[in-house]
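Participant: Please work out how this folds:
(one chain, ligands or ions: 1)
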Amino acid sequence: MTNMPRAAVLGNPISHSLSPKLHSYWLNRYEIAGEYTAIKVTEDALETTLRDLPAQGFIGANVTLPYKVSVMQFADQITDRATLIGAANTLTFKEDGRIFADNTDGYGFMANLQQGAPDWDPKAGPAAIFGAGGASRAIIVALADAGVPEIIIANRTRAKAEALRADFGARVSVVDWVQADKMLDGANTVVNTTSLGMAGAHDFKVSLDAMSTKAVVTDIVYNPLRTPFLKAASDKGCITVDGLGMLLHQGVPGFERWFGRRPEVDDATRAAVLS
Ligand code: ATR
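Facilitator: Numbers count the residues shown, from 1 in each chain. Sure, this is the predicted structure:
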């Protein structure tokens, strides 16, 4: 075994993950001796895998589906934002073996919008969110933190949106999925957090007629990069930001913590990950 610092992404399935490409690109670009790999792990093996990693030279790990929630029970220290979201995606192993857990998805979401739409002002008006899964939760926490005055959620399963409202309070309201187009009227920020529009998934069929051309529109789906939802928004004249940037930016805090350098997210990074 070398003394090279190692990190990995844990999930199941894991072969589709872009994180190894991203972190390997940064390691190479900044000439850092390190390694970043993908580890497929079953639910039963999650804890022992985590506990064994430090002895193998691992200094941290990303966690992806389906373990972002369950990994929290093995963490010894959890950041406030991960606690609020109820999920972690970035782990750092301390020298004494303790596991520090953070969630950088909301950071990645915000950094992506700030980079892709520099004039975007989250405080300027309501945000309309399609979907109420794990990604939606992280995004709602980030938007509330950034001072968005009102957050409206529409989700196919209404109860999941209601649960988010119960957790995040007065600024959050819920509309029925069949009325989802109505929440677009007056929205300043519009986000698709559902899997609709992803290659192989169902289409995103909600009408964008009520949406202002001043809305900043983003999608967490990045395959394809230009989803039908983003295309429709941009055809209307809206500023759109694709979902790849969220993935790239969420990797920044982990890389910096593990390898000691804050990496850039720029065109070269995007090209490397897409290659
Ligand atoms: P993630 O953690 O990545 O957000 P998830 O928890 O599986 O993933 O959430 C997927 C989101 O896409 C949910 O909001 C889901 O709606 P439900 O809560 O009703 O399942 C939404 N979604 C998936 N397929 C959908 C479809 N065909 N129509 C509408 N919404 C859909």
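Participant: Any idea which residue of the stretch 101-250 of the chain lies closest to the ligand?
Facilitator: G133 (2.2 Å; CB to the nearest ligand atom). All C-beta spots, glycine's among them, are computed from the backbone N, C-alpha and C.
Participant: Quick check: closest non-adjacent residue to the residue nearest the centre of the chain.
Facilitator: Residue closest to the average C-alpha location in the chain (CA atoms, centre = their mean): D105, at 3.5 Å. In this structure, D105 finds its nearest non-sequential neighbour in A138, 3.8 Å apart by CB to CB, 6 or more residues apart in numbering.
Participant: With L46 instead?
Facilitator: Nearest non-adjacent residue to L46 (CB to CB, 6+ apart): Y67, at 5.9 Å.
Participant: Also G245?
Facilitator: What sits nearest to G245 in space, not counting adjacent residues and going by CB to CB, 6+ apart, is N112, at 3.5 Å.
Participant: what residues are up against T49?
Facilitator: Contacts for T49 were tallied using CB atoms under 8 Å, 6 or more residues apart in numbering; they are 10, 39, 41.
Participant: What distance do you get for it to the ligand?
Facilitator: Separation of T49 from the ligand (CB to the nearest ligand atom, to the nearest Å) stands at 21 Å.
Participant: quick one: secondary structure of that residue?
Facilitator: Secondary structure assignment for T49 (DSSP: H, G, I helix; E, B strand; the rest coil): helix.
Participant: Quick one, grab the pLDDT at it.
Facilitator: For T49, the pLDDT comes out at 97.
Participant: From A170, how far off is it?
Facilitator: Distance, T49 to A170, by CB to CB, to the nearest Å: 41 Å.
Participant: circling back: what does the residue of the stretch 101-250 of the chain closest to the ligand show for phi and psi?
Facilitator: When read as degrees, to the nearest 10, the backbone of G133 gives phi -90, psi -160.
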